[in-house]
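Asks: Need the 3D shape of this:
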Amino acid sequence: MEIKRYNCFWVYQNKTFSDEANGAFLWSPQFTKDGKHHPGYDLMRQVRKGDLIFHSIDRAIVAISRAKKDCFAFKGNGCSILTVCI
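Replies: The predicted structure follows:
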């Protein structure tokens, strides 16, 4: 029997929770406004299919989901974001 291991991620959503939960996705910019890497944004690149995601608002867990796909980059409408389907 193979044991699969999954990572767990804690996501602070606050203002974006409703839109992301209704759309079944998570998103974050790929870079800060001045074009630099941000540790939180970079961490999202590590989300893989099956990983657990704890969604929080004001430091309270409001939902738990699993990633349906690996994180992927999306470019459009003048923006460059990271996306995870949940």
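
Asks: Surely residue 62 is in contact with residue 55?
Replies: Yes. With contact defined as Cβ atoms under 8 Å, residue 62 reaches residue 55; the gap is 5.5 Å. Every C-beta, even on glycine, is put in place using the N, C-alpha and C of the backbone.

Asks: of the two, who's got more company?
Replies: The neighbour comparison of residue 62 against residue 55 (other Cβ atoms under 10 Å) goes to residue 55, with 21 against 12.

Asks: picking that back up, which residues do residue 62 and residue 55 both contact?
Replies: Residues touching both residue 62 and residue 55 (Cβ atoms under 8 Å, 6 or more residues apart in numbering): residue 17.

Asks: got the residue ranges for the helices in this protein?
Replies: Listed in chain order, the helices of the chain (DSSP state H) span 17-23, 39-44.

Asks: Which one of those helices lies nearest to residue 3?
Replies: helix 39-44 (24.1 Å; Cβ to Cβ).

Asks: Columns mean pLDDT and distance to residue 6 on top of the helices of the chain, output as a markdown table?
Replies: Listed next are the helices of the chain as a markdown table, based on pLDDT from 0 to 100; distance: least, Cβ to Cβ, whole Å:
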| stretch | mean pLDDT | distance to residue 6 |
| --- | --- | --- |
| helix 17-23 | 89 | 20 |
| helix 39-44 | 85 | 15 |
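
Asks: okay, those in JSON lines with distance to residue 66 and mean neighbour count next?
Replies: Listed next are the helices of the chain as JSON lines, based on distance: least, Cβ to Cβ, whole Å; neighbours: other Cβ atoms under 10 Å:
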{"stretch": "helix 17-23", "distance to residue 66": "14", "mean neighbour count": "13"}
{"stretch": "helix 39-44", "distance to residue 66": "15", "mean neighbour count": "14"}
